[in-house]
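A.B. asks: I'd like to go over a predicted model; first the sequence, then the structure.
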Amino acid sequence: MAMRSRTFSAVAVAAAIAFAGYYFFSESGDPTLAGFVKSKPAISIVFTSRSAPSSLRAASEIGDYSPNAIGAKSTGQPQWQANDGRLRILTPGGHVRELTYGKQLPDGAVIIDVMSPSVSPDGNTIVFAGRRTSHNGGRFRIYSVGIDGSDLKPLTGGSDDPGCASAPPLRFSSIGEKLSDAARRSLDFDDVDPALLPEGTLVFSSSRTPDTNGADRRAMQIWLKEPKQKPRPLTAGRAGDRWPYVAADRSLVFSIWGKLDDVIGADGTGLVRRDPKGLTAPTDRWFGATISPTGENFAQVAKVPSPVWRPRPLDSGNIVFMTPRAEAPTPFTPSNENPELDVFRVGQAPLGTVTSAPSSLAAWAELPALREPPVSWLNALAENNRPYSIATPSPAPGGVFVAAAPVAADGKPRPVDYGLYFAETDGWSPSGEPSGAKLVPLFDDPDLVDAEPVAVCERPIEFAAKGLQFPTAWPADENKSIHLAGGKRYFGPAGKVENRQLMEVATGHFPGQTPAIGSGPIFAPFATGSIEKIAFYTSHRDRYDDPDQVIVPGRLEKLLEVAVDRKNSFFEATLPVGSPTLLVGLGPDGKVATAPVPGKSALFYAYAGDHVSGMRAGGYVFCTGCHTGHTFTGNSIAERRK
């Protein structure tokens, strides 16, 4: 992913201060909040103040789609909700203003809870997830408001919004009546984590595709809504795709929950589900990824052993993110259902860092030790020498804005102690020891959880005058006939995927590839000729249309195989539209190809099982490499297709 212009610049900061100056410096703000201001920021900050820290949680609540789920008589388990949530702005003059509290929407309803705000590239509009006093069963939808608090309005969930991609599980009204398919589709989903492209396209995370991937949690994907168009899915995740952020080159940086039970079977010939004797292990890892807003390019930006939540690019070219404390149990196990009540850390790593390979590494194998730690940590201490829990980092001029709370004597932070702070990005620690970086307090409402700060300024992001231009292999309404595995035949909408760099050394230049002993790279390419075929599998989504079973779990099915041009290390495939796909590379012996780990007796397998991919009708996707940490180089699609 090419970051062709910095997140912030001196010009951008000056423009932001000038553009915010007249209104904010002449506005006294809410006098009841003035005493909570600790210091004046260099730039205005939009943030949330809530009665609970639930927006710090990554995954949706468990138990949502089970027969006895809380809310089965409405629209399922509440997600990320707080009793009270307010969108606020802190100005360089030290004034705080309410942007949503007590204000009416065009239809007279009131926003009662908010989360995940972001600011438009021109610095004029805030988009956020909100819950209102009526309609939609208390679910989150996307709203916008001007930085001066004007023009509060909904962006999703209106009468013209088709809602869910298919009917969610059967629900009943408060008087015991079955809700219709249409009613459930319009109600039973959450839209959160919005961001805007310069030309007005809305990007957000949503549970509009009913699915749990066997985990009994709502799956989340990244969705797009172009101006005057219906929402459409951009990613195909079966667990959780969260927190998209528009980078300077228009690419979207976000978090993926790679939770898949599909492993290479004991005989090594392909994928199976939940095999305790499998050659690889199931994945359960959050990592930072990027995708172009038109979907044809996908890559990782930070893949380390720690979960990578809310990844954001910094001026330095590093990625900053939040993660649980080092010794925390694996996120979202029964022993750690609510990580927002535990300790968070904030770290930064060079763009493209790959030091983890949970799906392609042989089961229970270990990677070599690295020469240098890839992640540095913001390990600041409070006045009583207790550490802080630090969360929700966001780029700021010269550093980052964060939410932080000192850890109490019981080893946990008090949620209401979370306030807003600024930290420089220099002086962070490569270990768990306290760093030289300091937290500068900005604001703390003692009765609410203050978090999710976002700088208000103009950001230089490439503008597409003609809107999104989706690469196409053929017209979207052109059906294709495809011979599938097992003698089956498919006729319907399809797209094209190709790879012309199957054996290219793409990961050798990435950070985190130098072992403590030897020269690396750790993720070596597969040898020329070691992959003869590519096998595609469909990871079918759960179904909710069976009259006798609430959830019909999705199954794993082999889709098709395509040959690899051994001379040019090239393949192309035509794939059906509609189901998430996985792929593996097969060697001359019919088994999944392997590559050695330098200095270890472990193996990498030609399998990227930490995410699934989707295909749109007539779409074109370029796949880079067959190795861990595949990426794209920033070249145009046209250059790659030559």
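C.D. replies: Cool, the structure landed.
A.B. asks: The longest strand anywhere in the chain: which residues count as buried?
C.D. replies: Of all segments of type strand in the chain, defined using DSSP state E, the longest is strand 489-499. Neighbour-count burial for strand 489-499, counted by 16 or more other C-beta atoms under 10 Å, picks out Tyr490, Pro493, Ala494, Gly495, Lys496, Val497, Glu498, Asn499. For the C-beta atoms, the positions are set from N, CA and C on the backbone; glycine is no exception.
A.B. asks: Tell me which strands the helix or strand just after that strand pairs with, and in which orientation.
C.D. replies: As assigned by DSSP states H and E, the chain's next helix or strand after strand 489-499 is strand 533-539. For strand 533-539, the paired strands and their directions (DSSP bridges) are strand 556-563 (antiparallel), strand 581-586 (antiparallel).
A.B. asks: Would you agree Pro168 is in contact with Ala183?
C.D. replies: No: using C-beta atoms under 8 Å, Pro168 is not in contact with Ala183; the gap is 10.1 Å.
A.B. asks: Same drill for the two, tell me which one is more crowded.
C.D. replies: Of the pair Pro168 and Ala183, Pro168 is the one with more neighbours under other C-beta atoms under 10 Å, namely 26 against 17.
A.B. asks: How about the contacts made by that one?
C.D. replies: Tyr65, Thr75, Gly76, Arg184, Arg185, Asp188, Phe189, Pro210, Tyr544 (C-beta atoms under 8 Å, 6 or more residues apart in numbering).
A.B. asks: how close does it sit to Arg184?
C.D. replies: Pro168 is 5 Å from Arg184, where distance means C-beta to C-beta, to the nearest Å.
A.B. asks: cool, Ala563 as well?
C.D. replies: According to C-beta to C-beta, Ala563 and Arg184 sit 44 Å apart.
A.B. asks: Can you pick out the residue with more neighbours from the two?
C.D. replies: Neighbour count, other C-beta under 10 Å: between Ala563 and Arg184, Arg184 has more, with 24 against 12.
A.B. asks: What is the burial count for Lys178?
C.D. replies: Using other C-beta under 10 Å, Lys178 is surrounded by 11 other residues.
A.B. asks: Now do it against Pro162, distance only.
C.D. replies: Distance of Lys178 to Pro162, given as C-beta to C-beta: 21 Å.
A.B. asks: With Ala109 instead?
C.D. replies: Ala109 is 21 Å from Pro162, by C-beta to C-beta.
A.B. asks: cool, and Phe47?
C.D. replies: Distance from Phe47 to Pro162, by C-beta to C-beta: 32 Å.
A.B. asks: same deal with Ala236?
C.D. replies: According to C-beta to C-beta, Ala236 and Pro162 sit 18 Å apart.
A.B. asks: neighbour count winner among these two?
C.D. replies: Set side by side, Ala236 and Pro162 show more neighbours around Ala236, with 23 against 11, by other C-beta under 10 Å.
A.B. asks: List the contacts of the nearest residue in space to the more buried one that is not next to it in sequence.
C.D. replies: Among residues not flanking Ala236 along the chain, Gly614 sits closest, at 3.1 Å (C-beta to C-beta, 6 or more residues apart in numbering). Residues near Gly614 by C-beta under 8 Å, 6+ apart: Pro233, Thr235, Ala236, Gly295, Pro580, Thr581.
A.B. asks: For the first one, grab phi and psi.
C.D. replies: If I follow you right, that is Pro233. In terms of degrees, to the nearest 10, the main-chain angles of Pro233 are phi -70, psi 140.
A.B. asks: Turn the contacts of Gly614 into JSON lines, columns for pLDDT and distance to Met115.
C.D. replies: Below are the contacts of Gly614 laid out as JSON lines (pLDDT from 0 to 100; distance: C-beta to C-beta, whole Å):
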{"residue": "Pro233", "pLDDT": "96", "distance to Met115": "21"}
{"residue": "Thr235", "pLDDT": "95", "distance to Met115": "20"}
{"residue": "Ala236", "pLDDT": "95", "distance to Met115": "24"}
{"residue": "Gly295", "pLDDT": "88", "distance to Met115": "26"}
{"residue": "Pro580", "pLDDT": "94", "distance to Met115": "27"}
{"residue": "Thr581", "pLDDT": "95", "distance to Met115": "32"}
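A.B. asks: Specify which member of those is nearest to Tyr607.
C.D. replies: Thr581 (12.7 Å; C-beta to C-beta).
A.B. asks: Next one: that closest one relative to Met615, how far apart?
C.D. replies: Distance, Thr581 to Met615, using C-beta to C-beta: 7 Å.
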